[in-house]
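[1] Pasted the sequence and its predicted model underneath.
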Amino acid sequence: MKRLTVYLIVFTLILLLAACKSETPAATPSSTVVPATSTPVISTPVVSTTPPPAATTLPTATPLAPAQQALLEERDMAAHEMFATLEQAKAQDFPEEQTGKIIRTYVATIEAIEARLDEENVPFAPLALPPTPPVKAEKKIFDIGMVTEDGVHLKGTYYQPAAVNAPGVALLHMLGRKRGDWDAFARQLQDAGYGVITIDLRGHGESGGRRDWAKMPLDAAIATKFIRSREEIDPDRIVLMGASIGANIAINAAAQDPDIAGVALLSPGLDYRGVKTEEAVKQYGARPLFIAASSEDDYAAQSARKLDSLAQGPHQLLILDNQGHGTQMLGKDNGLEKAILQWLAEVTAK
């Protein structure tokens with residue numbers, strides 16, 4: 001009986017232990033699966049207590065002075081204009097000579113600006129410029145049109161020399177005459193290496209306007225401006241030459257233009273049609289002066305001597321005998337052309 005009771009107690013304990021084990025909750029897995037509909041968990045970033053490395057400081061360019069910045073912008077604008085103009089020239093099939101002049105003009109401008117930038121130690125990247133074609137030395141003659149400062153349309157003829165960096169001569173005709181009077185002498189000068197321009201003064205030949213003598217120095221001014229603009233001409237070696245009233249106009253124009261290298265006067269007068277010369281010779285200063293007249297042309301000869309006496313610089317007076325007036329003295333075996341050419345060579349010598 002006792003043994004049965006022990007068996008019952010042990011059996012009961014076993015049942016109780018089994019019941020307790022079945023009610024123990026399952027262990028929670030190490031990773032949590034978040035349902036798709038639940039709010040995502042945002043983790044908090046870890047803040048490091050180690051200080052970050054020092055930032056690398058990049059060099060800062062020194063700002064340009066306003067004048068230097070303007071110079072740089074001027075260069076870039078010139079380059080932009082050059083390439084735009086060349087595109088237009090290509091589209092319109094410009095002649096090779098004209099396209100070459102465009103390139104030479106702009107490249108010279110850009111290179112001059114870059115030289116200034118370099119002198120001022122301005123940092124810049126040089127532009128890639130097109131190759132510069134050389135100026136062609138080609139002897140030819142062609143007519144031109146010009147407009148004076150006061151709006152008068154003039155006709156002229158240009159005698160282009162077969163040389164570059166050549167001196168230039170502007171020729172002014174006599175009263176009532178025209179530029180063709182100079183043709184033979186202009187060709188002689190051209191053969192000697194000079195670029196030559198002849199014009200019809202206002203109210204003469206093919207030029208417009210009326211014969212306003214006081215304004216004719218403006219005609220001389222546009223002639224010298226044209227010849228200075230030629231690429232084959234050295235702008236620092238320009239000479240003015242006139243005959244009769246053209247001589248008076250030439251010395252008055254040169255008195256107002258300090259860049260004229262020399263003046264040659266054929267049969268000048270102290271006063272032709274109100275165009276006076278004495279004060280002009282004084283204002284002309286110490287630059288070279290050549291004067292020629294013929295002895296029988298009494299007023300011109302007396303005027304020539306008086307003007308020669310007023311000359312302040314190197315001067316040469318040639319009085320011929322019975323050779324006429326102004327351009328009438330040319331084309332004769334009297335030594336005038338030889339004397340002029342020798343004088344020109346001295347005046348325009350480098």
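    Cool, the structure landed.
[2] all contacts plus neighbour counts: C-alpha atoms, from now on.
    Noted.
[3] ok, residue 198 - how many residues close by?
    27 (other Cα atoms under 10 Å).
[4] no, scratch that, I was asking about residue 179
    Residue 179: 21 neighbours (other Cα under 10 Å).
[5] and the next element down the chain from the longest helix belonging to the chain?
    Longest helix in the chain by number of residues (criterion: DSSP state H): helix 66-91. Remark: after helix 66-91, the chain's next helix or strand is helix 96-119, criterion DSSP states H and E.
[6] circling back to that earlier point, which helices and strands does the longest helix of the chain pack with?
    Helices and strands touching helix 66-91, by 3 or more Cα pairs under 8 Å, 6 or more residues apart in numbering; DSSP states H and E, are helix 96-119.
[7] Report all helices and strands that the helix it packs on contacts.
    So helix 96-119, by 3+ Cα pairs under 8 Å, 6+ apart, packs with helix 66-91.
[8] show me what contacts the closest residue to residue 295 other than its chain neighbours?
    Spatial nearest neighbour of residue 295, excluding adjacent residues (Cα to Cα, 6 or more residues apart in numbering): residue 321 at 5.2 Å. Contacts for residue 321 (Cα atoms under 8 Å, 6 or more residues apart in numbering) come out as 294-296.
[9] List only buried entries from those residues.
    Listed as buried from the contacts of residue 321 are 294-295; burial here means 16 or more other Cα atoms under 10 Å.
[10] could the contacts of residue 321 go into a markdown table alongside pLDDT and secondary structure?
    As requested, those are exported to a markdown table (pLDDT from 0 to 100; DSSP: H, G, I helix; E, B strand; the rest coil):
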| residue | pLDDT | secondary structure |
| --- | --- | --- |
| 294 | 98 | strand |
| 295 | 97 | coil |
| 296 | 97 | coil |
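[11] thinking again about what came up before, any idea how far the residue nearest to residue 295 lies from residue 134?
    Using Cα to Cα, to the nearest Å, one gets 47 Å for the distance from residue 321 to residue 134.
[12] same question, residue 229
    Residue 229 sits 16 Å away from residue 134, going by Cα to Cα.
[13] Tell me the buried residues in stretch 116-129?
    Buried, per 16+ other Cα under 10 Å, within stretch 116-129: 117, 122.
[14] Straight-line length of it, end to end?
    Distance between the two ends of stretch 116-129: 17 Å, counting by Cα to Cα.
[15] Please enumerate residues in contact with stretch 94-109?
    The contact list for stretch 94-109 (Cα under 8 Å, 6+ apart) reads 75, 78-79, 82, 85-86, 89, 129-130, 132-135.
[16] coming back round to it: okay, angle between the longest helix of the chain and helix 96-119 too, please.
    If you take axes from the mean of the first three to the mean of the last three Cα atoms, to 10 degrees, helix 66-91 sits at 160 degrees to helix 96-119.
[17] mean confidence for helix 66-91?
    The average pLDDT within helix 66-91 is 88.
[18] Show me where the stretch 151-300 of the chain has its strands.
    For the stretch 151-300 of the chain, the strands defined by DSSP state E, counting those that start in this stretch cover 153-160, 166-172, 195-199, 233-243, 262-266, 271-272, 275-276, 289-294.
[19] What residues sit buried inside the first one?
    Neighbour counts using 16+ other Cα under 10 Å place 153-160 of strand 153-160 among the buried residues.
[20] helices or strands up against it?
    Checked by 3+ Cα pairs under 8 Å, 6+ apart, strand 153-160 has strand 140-147, helix 183-191, strand 195-199 packed alongside it.
[21] wait, residue 347 sits on residue 262?
    Yes - counting by Cα atoms under 8 Å, residue 347 does reach residue 262; the two are 6.6 Å apart.
[22] can you list residues touching both of those two?
    By Cα under 8 Å, 6+ apart, the residues touching both residue 347 and residue 262 are residue 288.
[23] Show me the helices in the stretch 251-350 of the chain, by range?
    Counting by DSSP state H, counting those that start in this stretch, the stretch 251-350 of the chain has helices at residues 278-284, 298-310, 336-347.
[24] Generate TSV for those, with mean neighbour count and distance to residue 207 as supplementary columns.
    Listed next are the helices of the stretch 251-350 of the chain as TSV, based on neighbours: other Cα atoms under 10 Å; distance: least, Cα to Cα, whole Å:
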stretch	mean neighbour count	distance to residue 207
helix 278-284	19	26
helix 298-310	19	27
helix 336-347	16	28
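[25] Could I get these in CSV, plus columns for distance to residue 191 and mean pLDDT?
    Formatted as CSV, the helices of the stretch 251-350 of the chain follow (distance: least, Cα to Cα, whole Å; pLDDT from 0 to 100):
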stretch, distance to residue 191, mean pLDDT
helix 278-284, 29, 98
helix 298-310, 29, 98
helix 336-347, 11, 98
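[26] Of the contacts of stretch 94-109, which count as buried by neighbour count?
    75, 78-79, 82, 85-86, 89.
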